[in-house]
Each structure stands twice: as C-alpha cells, then as structure tokens.
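1. got a sequence here, can you build the structure:
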Amino acid sequence: MHSGLLYPLNVDLLPISEAIWKSRYRYVPQGSAPEKAIVDTWQRVARAIAAVEADPDHWQAIFFSALTDFLFLPGGRVLAGAGTNRRVTLFNCFVAGRLLDSVEGILDSLKEAALTMQRGGGIGCDFSNLRPSGSPAAMTGTRASGPLPFMHIWDSLCETMLATSSRRGALMGTLRCDHPDIEAFIAAKTEHGVLSNFNLSVLVSDDFMQAVAANGPWQLIYPAPPASDYSSRSRDSQTANPRMAGQVYRRLPARDLWNQMIRAAHATAEPGMLFIDNINRNNNLYYCETISAANPCGEIPLPPHGACDLGSLNLTALVMSPFAASAELDWQKLHHTVRVAVRFLDDVIDASQFPLEAQASQARGTRRIGLGITGLADMLVMLHLSYDSDQGRAFARRVMESIRDTAYATSIELAKEKGPFPFLDKTKYLEAPFIRRLPEHLRAGIAEYGIRNSHLLAIAPAGTISLLAGNVSSGIEPIYALEATREIRQHDLKIERLDIRDYAYQQWQTSTDRAGTLPKSFVTADSISAEAHLAMQACLQPFVDNAISKTVNLSADASLEDVNQVFHDANALGLKGCTVFRPGARRGQILRVRDEAHCCHVDREAD
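-> Numbers count the residues shown, from 1 in each chain. This is a model prediction of the structure:
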C-alpha cells in the first residue's frame, strides 16, 4: 500500500545512477523481492521519516514529492536505511567522544568507533589529548607511543569493519598544531597506502597563524587533558608525569612547521587545515560546547559525540527552461523545498537509531541538521553564468542567503509547533556571531519562540548522491570534467567502470535545438584559478552556520608557493577549513577524465 500516492511511472535512470542505486541504496530484504525501481526507495524513505509526525500520511505525501525527480537528496544513510529492518543509523557521520590518555580510555574509544562503524557511520576523532611519543608513563616505567600508532589501529579497524561492504571507510583524524607529534602527523600520509581510511587535518590556531606571519617561534606543548577528563578511568594519565602537562616540549620556527604542512599538502593533498579558533568563535553553541574535530569531509565541525544529519538541495532541478534565453530559477519551488527538507531532517533525528546513547543525547539535545546544496556549478551553466565570474558568485550568494533565511524561518515555526532544541539558552544563542547577522525578523522570532535546531546548514561534497541524481556537479565544486570514467564498487566487491557525462553537459548534448559552440559558461575545475575556488567558498560561508566541504583544485604543475598562498588566503577570508588537490598528488583515484590526463581526490564521503 502506498497511501494513495501517485508514482512518477517512468523514471529512467542513467547507467551511473542505476549502478549507484543498486549498489548503495536499493533495499533487498532477506527472503523478499528487492525494490524494483527508485520510486520504491523514495516511498520507503518518505513513509519511514513521516512516521514520527502526528499526521504521517499527510507528511509522507509531501516528503515523497520532495524526493521525486531528485529535488531533495537526503544523506546516503537515510536513503539506505530508513524503513528497512537493518539495525543502522540514519546519520552519515559522527565525532568520537573525547579520547582519554589512558589504556582504558583508548580502548573505550576504539570500542565506540567499532560500534559506530558497524551501524554505518563515519567518524572524526581528535588525537590531541594523547601524550607524545617517547614521553614517560610513571606507573609502568614505559614510554608512550604517541598518537600515530593508535591512529593505525583505528585505520585497521575501519578496514576490517567495511571489508565486505560496497561503501568506503570514512575517518577524520585531527591533531593540534602545538602537539609535540605534529610533525609526524603532517608526514603520516607521504608514504603510499598509510592511513588510507583517514582524512587528516591540522587544528590551526589564531596564535599559530600570527606566529607564521611574524616569522616567530612556535612552542610544542605537552597536552593537558581538560579537567573533566581527570577521572578514575584516566588515572594512568594523571600519574604519568603531571608536572609535564601544559609545559613546553620543544620550540621551533613557526614557518618551519607551516612549510612542512605546505610540502605535505603539495605532495599528497593532505593534511588539510581546520581553523579551529574561527570554528569555535562562530559556533552557535559557543556557550555549551568546544569543538576539536569534524566529520570525515569537514562540513560539520562537531563536539564530542556529535552527529551529522545531512541532506542536499539539487539546484539543477530548480532551473526552468535551462540554456534558453528565458532560463531562471524557480524561487517559489526553492523556498517550498527548503521548508520540507528542514522538517524532514528534523524528523530524521527522531526516526533514527544511534550506535551510542551519548550520540543520541547530543543529537536530540541540539537537533543539529546540515541542509546543503549540490549541482551549483551545473545550475550556473544552465543559467548562462560562469562559476568563476562575479555574476556567478553573486547569484550563488543570493541562492544561499535565501536558503538560510527560509531554513531559519522554518525552524522557528517548528519550535512553535514542537518546541525548541533542549540545549537552547535564548539570550546566549542570540549573541552568537552567525545569529547576530540574521535579519531582524528572524532574531525576533527566536527571541519569542526559540528555534528547533541549533544549526541548520552545511554544504557536503554530496559525491555519491550527486551521481545518483544523474552526475550533477557535486556540492559547490565546479564541474570536474565534461566526460569521465568512474569506478563503482558493487555489492560483490567487484569494481565496475562506467563512462559518465556531467549532467548539464548531457542536457546540452541531448537537446534537439542546440547547435554550435559549447557555451563559455562550461568551465571545468582544471581551468579555474585557485582564487576563484576560494572566492566561491568565501561568498557562501557567511550564510552557512556549520561549514563547507570544498577542495581547491590546482594544476599538476602548481608550486609550493601556490599551495602556500591558498592556505594563507583561506585563513584571511575567514574560512573554517581548507583542502587542496593537485593531480598526481595521490594514488587510488576513483574518478578519471576520459583521456586520463588527471584524476580527482579519493571519495571519502560516507553516504
């Protein structure tokens, strides 16, 4: 039974979309027939998420309508798990609980990681609390191994847990820039195949950036765990050598450390940088949490046990009369879809299982969601706008501002209907920098009614769900290539290689009334300057309360100075994080342009 809903009877999937749907999202219950078409998946998901509503039939119809034609793309865990009998989470990713510097603490954290991966979640983990390599442990007389060997255990665990899965492992490892083992962390992935399930990011502080600018010294500090970590469970940490905690371990020139980061990023595309002071300064929940890690792709910085509840608006589905002189965005449909998507993602919190009770408490206490966009570059092309133009950026900014305002207005309405998020302190929340920038009518609404969700917006890479939608340009990235070859890992673990075309390019090619030279708006990542990459991210960040996952694509012959400039500019522009990619800098790529001249970075997305 389908509650009387009307299916779109003919949904013809491209080969790449068919392959993604069958390998990732189609439900095949044991002993029963598998879903026959993607409309069955949409129906299953709509029904499961609407079940938490007071009027589930009403909202099932509305959610189904938003999913139809790939207008709204929930995170992959929602598509794969909602409405099934699988004991999985509907949240894409998590950040681990605070890692305590003791054998018991490390093993407890490893167990939590295993339970989270078993349920389908990716994990970010900050290793900054672990004492440096070679430091003494007073109770045992041994020497500490440092964070890196423990990261290898996490990496092996991820490889083992997902060895028989069509999904890739997803881990984010972070380390503070003043940790004594930071140099080993920076160099960790210069050897091929090491920590292959990890993305690595350095937690870069304002003080460090100032020291780099002044060509001053930098101090590596013996880590001092927060006061809350001093418990019976971490007694070994307390007695190891408490007089060393917080003391200077070693000094070096700040630029020497900075240049090590630049060389590693140039050679391997890692580590990335998270500008951690900027992240915490601009956190809507600055008053009750401290962030030191992010989900594996970096679009949601999270506190310990925080969770990602993700979905993306497919902007290409909102373009009316694409490529025509009259092409325009359907603003009314955009606003409607945002309202539905916010409610949908809020319902996911109540519909989902959680690997750990601490994760459930965090998710329900903050009701944090991350509504984003995908297909931005294709949308711009279909509207005759170039990704690297002032006009393109201005339009993208207008779209994101409209999404922000509609999302916040919807969350205020949900607070009136269902109540605000439990961790809300209205007075302090209204003083958060992002909230202070909201239009006055939204601030007044929060002051009167509160707000349902602490955070509402995040732009994820959306790589796999973008392929599902016909290979629309992913997230806010430019078009990678007009034609490419993609590797897909099937359920039987065999690799299938498919030729694919960019969605907008495919639409242009198949239009019967198109002829002549390809429009100049069809710019691809390899023809766009690093400055243009950063400019797009910077123009959208003011309207995103979480963060934006974005890779700055550089040419194969980009110099160390080019990479250096990208990271300096990213910090100066107030971005929360930055990653670079130079073709040839990393092996194991899953996407290649048709002539195989260069490749993109490995897809670590946990959807």
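
2. tell me where the stretch 501-607 of the chain has helices.
-> 503-510, 530-540, 560-572 (DSSP state H, counting those that start in this stretch).

3. hang on, I meant the stretch 51-200 of the chain
-> Under DSSP H, counting those that start in this stretch, the stretch 51-200 of the chain gives helices at 56-67, 76-81, 103-118, 147-161, 182-186.

4. looking at these, which is buried most?
-> Compared across the helices of the stretch 51-200 of the chain, helix 76-81 shows the largest average neighbour count, a mean of 25 (mean count of other C-beta atoms under 10 Å). For every residue, glycine as well, the C-beta is placed using N, CA and C.

5. related to what we said a few turns ago, let me have the helices of the stretch 501-607 of the chain in CSV, extended by distance to Glu487, mean pLDDT and mean neighbour count.
-> As requested, the helices of the stretch 501-607 of the chain are exported to CSV (distance: least, C-beta to C-beta, whole Å; pLDDT from 0 to 100; neighbours: other C-beta atoms under 10 Å):
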stretch, distance to Glu487, mean pLDDT, mean neighbour count
helix 503-510, 19, 91, 19
helix 530-540, 25, 97, 21
helix 560-572, 27, 97, 18
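
6. relative to Leu285, which of those helices is closest?
-> Closest approach to Leu285 among the helices of the stretch 501-607 of the chain is made by helix 530-540 (21.3 Å; C-beta to C-beta).

7. that closest one packs against which elements?
-> Contacts defined by 3 or more C-beta pairs under 8 Å, 6 or more residues apart in numbering; DSSP states H and E place helix 530-540 against helix 390-418, strand 551-553, helix 560-572.

8. can we see that at 10 Å?
-> helix 376-382, helix 390-418, strand 551-553, helix 560-572, strand 577-581 (3 or more C-beta pairs under 10 Å, 6 or more residues apart in numbering; DSSP states H and E).

9. remind me which residues of the stretch 1-150 of the chain are low pLDDT?
-> 1-11, 137-141 (pLDDT under 70).

10. verify the stated contact: Pro439 with Thr406.
-> No. Using C-beta atoms under 10 Å as the test, Pro439 is too far from Thr406 to be in contact (11.4 Å).

11. and the two? Which one has more around it.
-> Taking neighbours as other C-beta atoms under 10 Å, Pro439 and Thr406 compare with Thr406 leading, 21 against 13.

12. check contacts around the spatially closest residue to the more buried one that is not a sequence neighbour.
-> With sequence-adjacent residues excluded and distances taken as C-beta to C-beta, 6 or more residues apart in numbering, Thr406 is closest to Val338, at 4.3 Å. With contacts defined as C-beta atoms under 10 Å, 6 or more residues apart in numbering, the neighbours of Val338 are 66, 72, 313, 371, 402-407, 409-410, 456-457.

13. try it again at 6 Å.
-> Contacts for Val338 (C-beta atoms under 6 Å, 6 or more residues apart in numbering) come out as 403, 406-407.

14. again, but for Glu289
-> The contact partners of Glu289, by C-beta under 6 Å, 6+ apart, come to Pro303.

15. try 8 Å
-> 283, 303, 306 (C-beta atoms under 8 Å, 6 or more residues apart in numbering).

16. roughly how far does Val95 sit from Leu356?
-> From Val95 across to Leu356, the span is 12 Å (C-beta to C-beta, to the nearest Å).

17. if you could redo that for Phe395, that was the one I meant.
-> For Phe395 relative to Leu356 (C-beta to C-beta), the value is 42 Å.

18. likewise for Leu203?
-> Distance from Leu203 to Leu356, by C-beta to C-beta: 24 Å.

19. of these two, who's got more company?
-> Leu203 (25 against 20).

20. A strand includes that one, no?
-> Yes. The assignment for Leu203 by DSSP: H, G, I helix; E, B strand; the rest coil puts it in a strand.

21. quick check: phi and psi at the nearest residue to it once chain neighbours are set aside.
-> Closest residue to Leu203 apart from its sequence neighbours, by C-beta to C-beta, 6+ apart: Ile276 at 4.3 Å. Main-chain dihedrals, Ile276, degrees, to the nearest 10: phi -70, psi -30.
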